[in-house]
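Asks: When you get a sec, could you give me coordinates for this:
(one chain, ligands or ions: 2)
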Amino acid sequence: MSQLRRDPVRGHWSIIAPNRRRRPDDHGEHGPIERRGGGPCPFCPGNEEHTPPEVDAVRPNLTTANAPGWLVRIVPNRYPALLAGAPGVAVVGARAGLQETLPGVGSHEIVIATPDHGRRASHFSVDQWDTLLAACQFRMGQLLQDPRVKYVVLFHNHGERAGASREHEHLQLMGIPMTPELIRQEAGRARAYRERRHRCLYCDVLESELAERSRLVLCDEAFVSYAPFASRMPYELCVLPRAHRASFLHLSHRDRCLLAAHMRELLQRLERLFGDLPYNWVLHSLPDTDADADVFHWHLELLPRLSKQAGFEWGTGGFINGTPPEEAAASLRAAITST
Ligand SMILES: [Zn+2]
Ligand SMILES: [Zn+2]
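Replies: Numbering: from 1, shown residues only. Ligands and ions are numbered 1, 2, ... in the order given. Down below sits the predicted model:
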């Protein structure tokens, strides 16, 4: 069982998870990612027995669980950072002097994003993107029904430099027993802003980016993506919904289709400029039951890994970024794709 430990000075939580050491890419295995661990790809159709049994799957023809015929498949991570624990037993934190801990209770799942081993997310159809987002939305709602789960982390690591341990596209969904400090800090700034201005900080950022235009990349009826004013890294993007809501869970079918097309277009434009680049994207979304839900506005952050973070970043918590976001946005606006 892993343990969550809170840093008394910085406030962040670390998951101390010894069983993650068994992962094929931990501790010094540096071969091409597909060869690590050897054997067939466990995420490919026909190899379903190589993953733990699925917890959910999109099967349009009602095929049998753990058999081929799926479009998206969600399975427990073989090397989970968090485990379910005994059902119904509350997660009780402990404090001993300066040491604050929580038991490593939660979930850690893999969302196999496509049955097609070689297809990159940038080349998924809009329908596949929509199916993927819908599956994540549904599963996230299920995970949040467990009162022990306070937050669900959804992210995608693409490419080895972005932390992917397999080539076959997959996302990760983690139900965790506390709200991450990063999200608390964001919400704290949004709350302070609202107390001062009586407005939503994110809605105002959206309005100001729309007015200024120089950092805008893509706008549709429901979403605006832009290169943030203080971008941490080259070509960082934020995808912000126009509608003010704390949670991604309530995204309508129409808006989800727009988000599907939006994500595909952003990844295609990045690929047009840089080829198959490594990136992470992460969802920031608060459950409605969270104490900060009234001031939060959900969004996606897309972080191309074109540069490395090093000593300055660790030493300051700030970033050195050689590409002005205005330039990144202009290049991305010009990189119109043909489809
Ligand atoms: Zn595969
Ligand atoms: Zn807002």
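Asks: Every contact and neighbour count from this point should use C-alpha atoms.
Replies: Noted.
Asks: For W70, which residues are in contact?
Replies: Shown in contact with W70 (Cα atoms under 8 Å, 6 or more residues apart in numbering): 45, 57-60, 63, 115.
Asks: pLDDT score for whichever residue of the stretch 201-339 of the chain sits closest to ligand 1?
Replies: Ligand 1 sits closest to D276 of the stretch 201-339 of the chain, with a gap of 17.5 Å, by Cα to the ion. Looking at D276, its pLDDT is 96.
Asks: any idea how far H244 is from the closest residue to ligand 2 within the stretch 51-200 of the chain?
Replies: Here the residue of the stretch 51-200 of the chain nearest ligand 2 is C200; by Cα to the ion that distance is 4.6 Å. Distance of C200 to H244, given as Cα to Cα, to the nearest Å: 8 Å.
Asks: now H50
Replies: 42 Å.
Asks: cool, P53 as well?
Replies: In terms of Cα to Cα, P53 sits 37 Å off from H244.
Asks: same deal with Y226?
Replies: For Y226, the distance to H244 - Cα to Cα - is 17 Å.
Asks: between these two, who's got more neighbours?
Replies: Y226 (27 against 15; other Cα atoms under 10 Å).
Asks: per-residue confidence at the residue of the chain most remote from its centre?
Replies: Relative to the mean C-alpha coordinate of the chain, counting by Cα atoms, centre = their mean, the farthest residue is G97 (33.8 Å). Listed pLDDT for G97 reads 94.
Asks: Over to T64?
Replies: T64 carries a pLDDT value of 95.
Asks: Same question for A192.
Replies: 98.
Asks: moving C-terminal of the strand or helix carrying it, what's the next helix or strand?
Replies: Assigned by DSSP states H and E, A192 belongs to helix 181-197. Helices and strands here follow DSSP H and E; after helix 181-197, the next one along the chain is helix 201-212.
Asks: which other helices and strands contact that following helix?
Replies: Packed against helix 201-212 by the contact rule (3 or more Cα pairs under 8 Å, 6 or more residues apart in numbering; DSSP states H and E) you find helix 181-197.
Asks: Report the angle between the helix it packs on and helix 201-212.
Replies: Inter-element angle recorded for helix 181-197 and helix 201-212: 80 degrees (by axes from the mean of the first three to the mean of the last three Cα atoms, to 10 degrees).
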